[in-house]
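Undergrad: quick one, what's the 3D model for this:
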Amino acid sequence: MKKLITFMAIAFLMFSTCYLANAQQVVLGFIGDEGTFLDYNNNALEWADENFQTTLIAPQDLAKTDLTKFGVLWWQDGDTDPTGLLDGDANDAIMKYVQNGGTLLLSSAAEKLATELGIESGVARIYGPGADGNAAGVAIIEDTLDHPVWEGFNRVAGEQIQTTSLGFPMTSDYWSRTFKEAITVGNCWEAATDWTDEVGAFVEWTEGTGKGIVFGMGWRIPHWSDDNDDLETLQKLTTNVINYLASKSLFSAVTPLGNASATWGEIKSK
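TA: Residues are numbered from 1 along each chain as shown. As a prediction, the model looks like this:
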């Protein structure tokens with residue numbers, strides 16, 4: 001029994017080490033106007049800084065930034081409505097990046113930017129913040145049991161992953177099934193209610209995105225608060241999403257060639 005316990009402990013340590021090493025390798029562009037950041041965005045950015053190779057990119061700087069340096073872009077906004085920050089130049093820069101093989105995570109209120117970017121024709125809602133103390137999260141569905149976002153979770157259809165018991169930040173989603181192009185990756189649940197795919201808040205877009213992928217993570221799921229007792233679970237789920245997007249990005253660094261790293265896009269073009 002002692003040998004078994006020791007083996008399991010070593011296996012878990014090896015898994016955790018590899019898991020964190022993969023996260024550290026991701027070069028992440030965190031999009032947002034730092035001047036508007038409050039608790040939600042500051043906490044998300046601080047966590048991203050600690051776990052990825054993260055650079056903060058102001059929306060007005062997107063058009064003059066070489067976005068191909070980033071394996072993944074993450075636009076998170078749990079404090080304000082970011083719609084006004086997505087002007088024509090920023091929109092063009094993001095869509096050029098995605099169309100050419102980059103990947104993008106839109107979370108909290110930024111999920112609605114999928115419509116603004118033109119990859120979703122459905123209408124999103126935006127609301128919050130609110131504190132009702134309801135437990136909530138995402139549930140694994142049969143169609144996505146093998147999806148990389150469930151790494152380390154119990155891969156059983158209907159398995160509920162709790163990411164908050166506090167309420168919700170400023171956020172957005174596609175209630176009620178107003179999304180048209182999005183593909184549901186996980187269903188939403190709240191307290192005793194199984195919302196199935198009605199919320200439209202844990203989804204991805206692969207049509208209209210060229211060679212890239214866009215992932216949406218809205219509703220109550222991304223509750224980046226220090227008071228959230230389920231914060232570690234949220235962090236684990238977000239890490240899975242970012243690692244998944246990095247694995248699909250043509251701009252993710254791979255094994256270094258000489259003293260310079262290459263990207264999947266560079267290797268595929270040779």
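
Undergrad: tally of neighbours for Gly84?
TA: Close neighbours of Gly84, defined as other CB atoms under 10 Å, add up to 9. Bear in mind the C-beta positions are built from the backbone N, C-alpha and C, glycine included.

Undergrad: give me the secondary structure label for it.
TA: Following DSSP: H, G, I helix; E, B strand; the rest coil, Gly84 is assigned to helix.

Undergrad: gap between it and Asp77?
TA: Counting by CB to CB, to the nearest Å, the separation of Gly84 from Asp77 is 11 Å.

Undergrad: and for Leu145?
TA: Leu145 is 31 Å from Asp77, where distance means CB to CB.

Undergrad: those two: which is more packed in?
TA: More crowded of Leu145 and Asp77, by other CB under 10 Å: Asp77, with 30 against 12.

Undergrad: for that one, what are phi and psi?
TA: Phi and psi for Asp77, reported as degrees, to the nearest 10, are phi -150, psi 100.

Undergrad: give me the beta-bridge partners of it?
TA: On the basis of DSSP bridges, Asp77 is bridged to Ser108.

Undergrad: Glu34 versus that one, what's the distance?
TA: Taken as CB to CB, the span from Asp77 to Glu34 is 12 Å.

Undergrad: what's the closest non-adjacent residue to Pro129?
TA: Leaving aside its chain neighbours, Pro129 sits nearest to Pro169 (4.9 Å; criterion: CB to CB, 6 or more residues apart in numbering).

Undergrad: number of residues surrounding the one you found?
TA: For Pro169, using other CB under 10 Å, the count is 31.

Undergrad: quick check: phi and psi on Ala90?
TA: Torsion angles, degrees, to the nearest 10, at Ala90: phi -60, psi -40.
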